[in-house]
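Undergrad: Okay, here's the prediction I keep looking at, along with the sequence it came from:
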Amino acid sequence: MKKEIEKHIRSFVAEYQKREDIATVWGEPIVGFADAWHPYIQALRETISPSHVMPQEVLPDCRIIVAYYVPFTRELARTNLRADHLASPEWARTYEETNAMFGDLNQSLIDFLTSKGYHAAISSKAGTFDQVKLISDWSQRHIAYAAGLGTFGMNNMLITKKGCCG
């Protein structure tokens with residue numbers, strides 16, 4: 001089933017970027033799986049925040065968490081090498097298109113898993129970020145770390161085999 005999920009995610013991204021209203025080109029996603037009951041996951045309320053959502057609050061019978069990383073291109077990353085330290089227009093567009101794609105991809109993955117007889121859901125906090133505390137109540141990067149997608153660098157960013165720009 002893991003191979004089918006990986007294929008579904010990779011195919012979805014490849015097809016999505018062909019849409020006429022999408023300017024972004026993404027690299028091939030990497031996919032990982034985390035045990036929802038692993039001690040690292042269960043300690044996220046201590047690691048991140050007491051309000052961090054636990055997998056079993058999203059889906060009571062949750063056993064596995066699917067995590068994916070969609071890399072941006074090196075060319076896109078270079079558009080931010082500007083003296084004014086502002087995000088480039090290309091970066092801003094990619095950020096918006098990527099977040100919109102994630103909503104569609106997550107729903108597609110839920111539909112795919114449901115069609116195979118599995119229960120699937122996404123945390124309502126998955127796309128949120130507290131601008132004051134500078135944390136999320138569903139830490140995508142900590143989940144990705146638990147799923148084996150990368151390690152944390154000195155900058156506290158998740159660094160994957162495909163980089164940290166994604």
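TA: In hand now; what should we look at? Residues are numbered from 1 along each chain as shown.
Undergrad: tell me which residues in the lowest-mean-pLDDT helix or strand in the chain are buried?
TA: Sorting the helices and strands of the chain by mean pLDDT, DSSP states H and E puts helix 74-78 at the bottom, at a mean of 91. For helix 74-78, burial by neighbour count (16 or more other C-beta atoms under 10 Å) applies to 76, 77. Where C-beta positions appear, they are placed from N, C-alpha and C, glycine not excepted.
Undergrad: Same check on stretch 118-132?
TA: Of all the residues in stretch 118-132, those buried under the rule 16+ other C-beta under 10 Å are 120, 122, 123, 125, 126.
Undergrad: Can you show me the CA trace of the least confident helix or strand of the chain as CSV?
TA: Output of helix 74-78 as CSV, limited to C-alpha atoms (Å, rounded to 0.1, in the frame of the first residue of the first chain):
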residue,chain,number,x,y,z
ARG,A,74,16.9,25.6,-7.5
GLU,A,75,15.9,28.3,-10.0
LEU,A,76,13.0,29.3,-7.8
ALA,A,77,15.2,29.4,-4.7
ARG,A,78,17.7,31.7,-6.5
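Undergrad: Mind giving me the packing neighbours of that helix?
TA: helix 89-115 (3 or more C-beta pairs under 8 Å, 6 or more residues apart in numbering; DSSP states H and E).
Undergrad: Mind checking what helix or strand follows the helix it packs on in sequence?
TA: Using DSSP states H and E, the helix or strand that directly follows helix 89-115 along the chain is helix 140-146.
Undergrad: Let me know the next secondary structure element after that following helix.
TA: Next in sequence after helix 140-146, counting helices and strands by DSSP H and E, comes strand 150-152.
Undergrad: got a list of contacts for that following strand?
TA: Strand 150-152 has contacts (C-beta atoms under 8 Å, 6 or more residues apart in numbering) with 69, 141, 144, 145, 158, 159, 160, 161, 164.
Undergrad: same question, stretch 50-64
TA: 33-37, 41-42, 44-45, 65, 119-125, 137-139.
Undergrad: still on that earlier bit, and the two most separated of the contacts of strand 150-152?
TA: 141 and 161 (14.8 Å; C-beta to C-beta).
Undergrad: And these two? Which one has more around it.
TA: Comparing residue 141 with residue 161 by other C-beta atoms under 10 Å, the one with more neighbours is residue 141, at 20 against 9.
Undergrad: I'd say that one and residue 157 touch.
TA: Yes: between residue 141 and residue 157 a contact is recorded at 7.4 Å, counting by C-beta atoms under 8 Å.
Undergrad: Residue ranges in the chain under the pLDDT threshold?
TA: The chain contains residues with pLDDT under 70 at 83, 130, 134.
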